[in-house]
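> Generate a structure from the sequence data that follows.
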Amino acid sequence: MDALTPPLLRQGVELAAFTTWKVGGPAEFFSEPESIEELQALLDWGRQQGLPLQLIGAGSNLLISDEGLSGLVVCCRHLQGAQLDNTSGVVDALAGEPLPTLARRAAKAGLAGLEWSVGIPGTVGGAVVMNAGAQGGCIADNLIKVTLLNPANGKRQVMTAAELDYGYRHSRLQGEPWVVLKAQFQLESGQSPKQVSQRTSTNLHKRTSTQPYQLPSCGSVFRNPEPQKAGRLIEALGLKGHRIGGAEVSKMHANFIVNTGAAQATEMDALIRYVQRCVADAHGLQLHPEVMRLGKFPGNPATAA
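Numbering: from 1, shown residues only. Take a look at the predicted model:
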């Protein structure tokens, strides 16, 4: 720890404060770098110490164990910044840039293509990894390339969108140890800022009026088993309002599980599995979570997604 001094590196930080579900135990080592150079130094230190690494962004798609995480946890939410070219429509954004902020900036600049993302409580980095999407759009639609860092050797690499094997809420980055540093997007320039901003605001209103933004959640819990919708399947089984401890299937939208006040990660996990069993028994369908589990859970002793 000599090369890194507080507050850059801390120990025993409770991770509940860094997830939108507001659950999760402590990190063995924790840091929030404010530049790519600080991030690089942290990853180099972690590699030298032989520590397992876990990166998080806005924490909107994570379920972290109540026992916490061993090794080095790096939160990239302060790696913010974006450059927008109003003429070409090219946008360069750092990994920690919040999607809603980027969507609003693009709209004000008359750049179309990110209106769908304004209600997603995530960062550019997390969205690139998960191929985040909503309202019929997704990250892969506009991504040109992404700059990555290999924590195993500290080397950087640029990959195009075509190389990332994008699918529905999927990319090859979910199974490989690359760290997203920044991403480049191609948006449609020359649009009316007023009209793009209006579409963006309409999308946000639709999400906030139909989804439980008043309580901590992770966003949509399950991928849709196309052509069916996970929320409709869950609601049809009468599971809205079903609780395990402080975890509840939202009464507003059945594909959301909310923290009613003092939920534990184990309760969130148990409710996810209960809903999966109910849908499987009723319809023979296996719902796959969008949320990533990190750490130890009952019946799942190893870290898993």
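> can you give me the end-to-end distance of stretch 62-72?
16 Å (Cα to Cα, to the nearest Å).
> how far is that stretch from where the chain is centred?
16 Å (Cα atoms, centre = their mean, to the nearest Å).
> List the buried residues in it.
By 16 or more other Cβ atoms under 10 Å, the buried positions in stretch 62-72 come out as L62, L63, I64, S65, D66, G68, L69, S70, L72. Every residue, glycine included, has its C-beta placed from N, CA and C.
> what's near enough to touch the closest residue to the first one other than its chain neighbours?
Beyond its immediate neighbours in the sequence, the residue positioned closest to L62 (Cβ to Cβ, 6 or more residues apart in numbering) is T19, lying 5.2 Å away. Shown in contact with T19 (Cβ atoms under 8 Å, 6 or more residues apart in numbering): I56, G59, S60, L62, L63, I64, C218.
> ok, 7 Å please
G59, L62, I64 (Cβ atoms under 7 Å, 6 or more residues apart in numbering).
> same question, A152
The contact partners of A152, by Cβ under 7 Å, 6+ apart, come to R47, P177.
> Where do the helices of the stretch 201-305 of the chain begin and end?
Applying DSSP state H, counting those that start in this stretch to the stretch 201-305 of the chain gives helices spanning 230-236, 265-283.
> what does the longest one contact?
It stands for helix 265-283. Residues outside helix 265-283 that contact it (Cβ under 7 Å, 6+ apart) are 21, 23-24, 63-66, 221, 233-234, 237, 239, 244-247, 249, 257, 285-287, 289, 293, 297-298.
> for the buried residues of stretch 62-72, which one is nearest E97?
Ranked by distance to E97 (Cβ to Cβ), the buried residues of stretch 62-72 are led by L62 at 18.2 Å.
> So what sits opposite that closest one in the bridge?
M292 (DSSP bridges).
> The worst-scoring helix or strand of the chain on mean pLDDT pairs with which strands, parallel or anti?
Ranking every helix and strand in the chain by mean pLDDT, DSSP states H and E puts strand 133-134 at the bottom, with a mean of 90. Using DSSP bridges, the strands paired with strand 133-134 are strand 137-138 (antiparallel).
> Run the chain-centre distance for the strand it pairs with.
Distance, stretch centre to chain centre, for strand 137-138: 14 Å (Cα atoms, centre = their mean).
> now swap in stretch 50-69 and tell me
With Cα atoms, centre = their mean, you get 11 Å for stretch 50-69.
> avg pLDDT for that stretch?
In this model, stretch 50-69 carries a mean pLDDT of 94.
> Stretch 135-148 too?
Stretch 135-148 carries an average pLDDT of 96.
> in that stretch, what's buried?
Buried residues in stretch 135-148, counted by 16+ other Cβ under 10 Å: Q135, G137, C138, I139, A140, D141, N142, L143, K145, V146, T147, L148.
> between the residues you listed, which is nearest T202?
Of all the buried residues of stretch 135-148, the one with the least separation from T202 (Cβ to Cβ) is Q135, at 9.4 Å.
> circling back to that earlier point, can I get the helices of the stretch 201-305 of the chain in TSV including mean pLDDT?
Converted to TSV, the helices of the stretch 201-305 of the chain look like this (pLDDT from 0 to 100):
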stretch	mean pLDDT
helix 230-236	97
helix 265-283	98
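> Now do the helix or strand Q40 falls within: which elements does it pack against?
Taking DSSP states H and E as the criterion, Q40 maps to helix 36-49. Secondary-structure packing of helix 36-49 (3 or more Cβ pairs under 7 Å, 6 or more residues apart in numbering; DSSP states H and E): strand 69-75.
> The strand it packs on vs helix 36-49, what angle?
Note on geometry: by axes from the mean of the first three to the mean of the last three Cα atoms, to 10 degrees, strand 69-75 and helix 36-49 are set 170 degrees apart in direction.
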